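Trainee: give me the fold of what follows.
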Amino acid sequence: MAPKKKKKTTKCPVLKSAIDDFEPLKTELVRVKTEVDDLSKTVFKGNGKPAIITQLSDMQGKLKSHHEQINMRLEAVDEKMDGLQREIELKFKNVTDVVTERFNNLAAQITGEFGRRQAETTSMWNFKTAITTSVIAAIVSIATAVFHSIITNHHTFLP
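Mentor: Below is the predicted model:
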């Protein structure tokens with residue numbers, strides 16, 4: 001606080017009353033000036049620490065540095081993820097190719113087995129048909145011979 005000055009006295013009662021009315025305003029003005037000076041000192045010069053402006057500037061620098069580091073790390077993670085995605089796609093393509101090849105081999109085996117069984121079935125039916133045809137032909141031949149024999153022998157007994 002500033003040292004107190006000696007009050008000037010005046011003999012005019014009106015002027016003395018006006019000065020007395022302004023005295024509380026003067027005291028309040030001095031208090032406000034002191035608070036503003038203290039606040040200015042704290043903000044611009046600091047109060048045992050760096051000034052708030054210096055602290056804010058330092059924080060902005062640190063924040064910018066952290067932001068740049070985070071961006072660099074995110075870019076590195078993004079590149080690594082892209083590499084992993086390409087690797088997974090390649091592995092998936094390889095697995096897909098192997099599965100497709102195995103299904104094609106299995107389909108060829110099934111088709112071959114089906115063809116072999118169909119050939120066996122056809123051959124068996126051809127054999128059965130040939131046997132059946134031979135038996136029928138033999139029966140017909142025997143029946144014809146018997147019938148022919150009966151008819152020829154029967155003619156000889158006719159009057």
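
Trainee: got the phi and psi for P50?
Mentor: With angles defined as degrees, to the nearest 10, P50 sits at phi -60, psi 150.

Trainee: which residues are in contact with it?
Mentor: With contacts defined as Cβ atoms under 8 Å, 6 or more residues apart in numbering, P50 is in contact with D58. (Each C-beta comes from the backbone N, C-alpha and C, glycine too.)

Trainee: where's it relative to T42, distance?
Mentor: From P50 across to T42, the span is 11 Å (Cβ to Cβ, to the nearest Å).

Trainee: what's the answer for E68, then?
Mentor: Per Cβ to Cβ, E68 is found 31 Å from T42.

Trainee: cool, and S65?
Mentor: S65 is 27 Å from T42, by Cβ to Cβ.

Trainee: who has more neighbours, these two?
Mentor: Comparing S65 with T42 by neighbour count (other Cβ atoms under 10 Å), the higher total belongs to T42, at 14 against 10.

Trainee: report pLDDT for the more buried one.
Mentor: What the model reports for T42 is a pLDDT of 74.

Trainee: for it, which non-adjacent residue is spatially closest?
Mentor: I52 (6.9 Å; Cβ to Cβ, 6 or more residues apart in numbering).

Trainee: I'd say the one you found and K45 touch.
Mentor: No: look at I52 against K45 with Cβ atoms under 8 Å: they stay out of range, at 9.8 Å.

Trainee: could you point out the helix or strand that follows the least confident helix or strand in the chain by mean pLDDT?
Mentor: Least confident helix or strand of the chain, by mean pLDDT, DSSP states H and E, is helix 13-40 with a mean of 80. From helix 13-40 onward toward the C-terminus, using DSSP states H and E, the following helix or strand is helix 52-156.

Trainee: chain center to that following helix, what's the gap?
Mentor: Centroid separation between helix 52-156 and its chain, computed with Cα atoms, centre = their mean, to the nearest Å, is 30 Å.

Trainee: next, count neighbours for V32.
Mentor: Other residues within reach of V32, judged by other Cβ under 10 Å, total 10.

Trainee: neighbours around H148, how many?
Mentor: Neighbours of H148 under the rule other Cβ under 10 Å: 10.

Trainee: residues touching it, list them.
Mentor: Listed by Cβ under 8 Å, 6+ apart, the contact set of H148 is empty.
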